[in-house]
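Student: Sequence plus predicted model, see below.
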Amino acid sequence: MDLSLPNPSWSKDMRLLFDQFMKKSEDGSWKHLPSYKNKFSRRIEDIKVFFPDAKLIKEKISQAQLFPRNFEEGLGFEYAMFHNHAEDRTVCIFQGGPYLQGAPGFLHGGAIATMIDSTLGMTALIAGGIVMTANLNINFKRPIPLCSVVVINSQVDKVEGRKLFLSCNIRSVDEQTLYSEATSLFVKLDPEKSLT
Ligand SMILES: CCCCCCCC(=O)SCCNC(=O)CCNC(=O)[C@H](O)C(C)(C)COP(=O)(O)OP(=O)(O)OC[C@H]1O[C@@H](n2cnc3c(N)ncnc32)[C@H](O)[C@@H]1OP(=O)(O)O
């Protein structure tokens, strides 16, 4: 089941943004990216090539879940991503639920890092195939209020061989507040090299 579609826990802002991007997707310039609890179960062959040592994958595929997708509706990460192929960028609309609290009333830095890593990772995946995060630097400029809606804008800045350099920022819906900005390096996996 695609978990990046509207559900009753989404606020008005979240639905408004989703509808705006679905409208932008009508001419094909943007594409809604579906998101599942456990997408890899259907691509076990790919996984075996790149992650032969991933024991859990072989023994307990039914238990493995994409981390941000394993919270009950509305309590954790509510998000949807859209990709613009021509501009090589991905936008993620994100509503962080009450189970992601760090400081009272604000999102935990690790929860923010998760959505940054996921959005950059999706952008890198589309641009470079099977990649992993090698380096992630985040500047937390303003705390993000719990249950608020934010927009993560991520793009590929440079590709050098297997290295993809990406950056992103997190802004409020009205774009007036810059919450966080990040730079990262993702490396495209070499099937000839063991990861472990
Ligand atoms: C669908 C949703 C997407 C979600 C995406 C989520 C992505 C993740 O969270 S992945 C989990 C976190 N990341 C990891 O666990 C990765 C752990 N690290 C690794 O496995 C390896 O270091 C890996 C795969 C990144 C690179 O290893 P390997 O393929 O052997 O490449 P390696 O030869 O070491 O490095 C390749 C190049 O990158 C450079 N590089 C690697 N790591 C770094 C780094 N941290 N900083 C700077 N440069 C680096 C190397 O210097 C080398 O550069 P050059 O080619 O110029 O000499």
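Tutor: Good, I have the coordinates.

Student: What is the burial count for the closest residue to Q155 other than its chain neighbours?
Tutor: Once flanking residues are discounted, Q155 sits nearest to R89: 4.0 Å by Cβ to Cβ, 6 or more residues apart in numbering. In short, each C-beta sits where N, CA and C put it, glycine included. The number of residues packed near R89 is 20, by other Cβ atoms under 10 Å.

Student: what bridges to R89?
Tutor: Counting by DSSP bridges, R89 is bridged to N84, Q155.

Student: Pick out the least confidently modelled helix or strand of the chain, by mean pLDDT.
Tutor: Lowest by mean pLDDT, DSSP states H and E among the helices and strands of the chain is helix 55-60, with a mean of 60.

Student: Flag the shaky bits of this protein, pLDDT-wise.
Tutor: Scanning the chain for pLDDT under 70 picks out 39-48, 54-62.

Student: try it again with 90
Tutor: Along the chain, the model assigns pLDDT under 90 to residues 1, 36-65, 88, 130, 190-196.

Student: Could you look up the SS state of the residue of the chain found nearest the ligand?
Tutor: Across the chain, no residue is closer to the ligand than G121, which sits at 2.5 Å (Cβ to the nearest ligand atom). Assigned with DSSP: H, G, I helix; E, B strand; the rest coil, G121 falls in the helix class.

Student: and it, what does it touch?
Tutor: Taking Cβ atoms under 8 Å, 6 or more residues apart in numbering as the criterion, G121 is in contact with 131, 133, 186.

Student: Show me what the first one bridges to in the sheet.
Tutor: The residues listed as beta-bridge partners of V131 by DSSP bridges are K188.

Student: Alright, calling it a day.
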